[in-house]
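> following is a predicted model, sequence given first.
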Amino acid sequence: MRERDLIFPAWDFVGIDITAIRQAGETMHFFATVDGVEVAHNVVSLGQDVRTLNVEEPEPVGLLAEPPAQVDAIIYILWPHGGASVLQAEQANLTAILFGAGTRLAFPAGASWTPTVRLHWSINHGTDLTGGEGVIGTPREVHRNGMRYVVWDFNNIDVRAARNPNNRMYFWLSVDGVEARSSIWVHSADGRPILQTADLPASSCR
């Protein structure tokens, strides 16, 4: 691609179906990955209101019997300290759960193969503010419906950036050694999507 006398590669994704956002309350989130490379990506959201609202805690229906090759990683709680509003909160605690991909089978408590789960975040269309490293979650055992399974807590996360109504904070998960299909949590006072602007490289690629 050539833009403003700069030459650099770009990748096009053509014909993506976005009709889901026509339905009230539906949001779509997009980010890019690169095979074989650790990526500090950004997130782009489409919808009438891109904030994460009224999330129900996902209920496991059973437990995994062995380590899965792929997981669904779901953030289901973001609790600002003291129950503060988005415009007042300084820190928040988040909680996530993992299921085998396409199932509601959770990781059993006490298993030797409990993975390391990392929380990542970005602001607006910026890239991962953790530099791709993430913040490691603390496993916590839950007893419910006769099952003992694991969730992961991420405590004291700085959410002051969301006090600015022009900012959207995006949170997602990665899992060490396992391919993770992560949900995206959007924390913001204003739910309107932000229009993407071109981000050009500082110099041409050689």
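Cool, the structure landed.

> how close does the residue nearest to the spatial centre of the chain sit to Arg104?
Centroid-nearest residue in the chain: Trp172, 1.6 Å away (criterion: Cα atoms, centre = their mean). To Arg104, Trp172 is 20 Å away according to Cβ to Cβ, to the nearest Å. For the C-beta atoms, the positions are set from N, CA and C on the backbone; glycine is no exception.

> and Ala89, by the same measure?
Counting by Cβ to Cβ, the separation of Ala89 from Arg104 is 31 Å.

> let's verify Ala161: helix, strand, or coil?
Using DSSP: H, G, I helix; E, B strand; the rest coil, the structure places Ala161 in helix.

> got a list of what it touches?
Ala161 sits next to Ile123, Asn167, Met169 when contact means Cβ atoms under 8 Å, 6 or more residues apart in numbering.

> export these to CSV and append columns for pLDDT and distance to Asp5.
Shown next, in CSV, are these (pLDDT from 0 to 100; distance: Cβ to Cβ, whole Å):
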residue, pLDDT, distance to Asp5
Ile123, 97, 30
Asn167, 96, 32
Met169, 98, 35
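
> switch the residues you listed over to JSON lines; also include secondary structure.
As requested, the contacts of Ala161 are exported to JSON lines (three-state DSSP):
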{"residue": "Ile123", "secondary structure": "strand"}
{"residue": "Asn167", "secondary structure": "coil"}
{"residue": "Met169", "secondary structure": "strand"}
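
> nearest to Arg2 among those?
Taking Cβ to Cβ as the measure, Arg2 sits nearest to Ile123 out of these, at 29.7 Å.

> what is the neighbour count of that closest one?
Look at Ile123: counted by other Cβ atoms under 10 Å, it has 19 neighbours.

> wait, isn't it in contact with Arg163?
No - assessed by Cβ atoms under 8 Å, Ile123 is found out of contact with Arg163, at 11.6 Å.

> ok, the residue lying closest to Val39 once chain neighbours are set aside to Ala20 distance?
Computed as Cβ to Cβ, 6 or more residues apart in numbering, the closest residue to Val39 that is not its neighbour in sequence is Thr33, at 5.5 Å. Distance, Thr33 to Ala20, by Cβ to Cβ: 21 Å.

> ok, Thr116 next?
Distance, Thr116 to Ala20, using Cβ to Cβ: 32 Å.

> between these two, which one's more packed in?
Using other Cβ under 10 Å, the more surrounded residue of Thr116 and Ala20 is Thr116, with 14 against 11.

> for that one, give me its contacts.
Taking Cβ under 8 Å, 6+ apart, one finds Ile136, Gly137, Val175, Asp176, Gly177 in contact with Thr116.

> out of the contacts of Ala161, who's nearest Ala96?
Comparing the contacts of Ala161 against Ala96 with Cβ to Cβ picks out Met169 as the nearest, at 15.6 Å.

> surely that closest one meets Ser188?
Yes - with contact defined as Cβ under 8 Å, Met169 and Ser188 form a contacting pair (6.4 Å).

> overlap in contacts, the two.
Counting by Cβ under 8 Å, 6+ apart, the shared contacts of Met169 and Ser188 are Ala162.

> part of a helix, is Ala32?
No - if the criterion is three-state DSSP, then Ala32 is coil and not within a helix.
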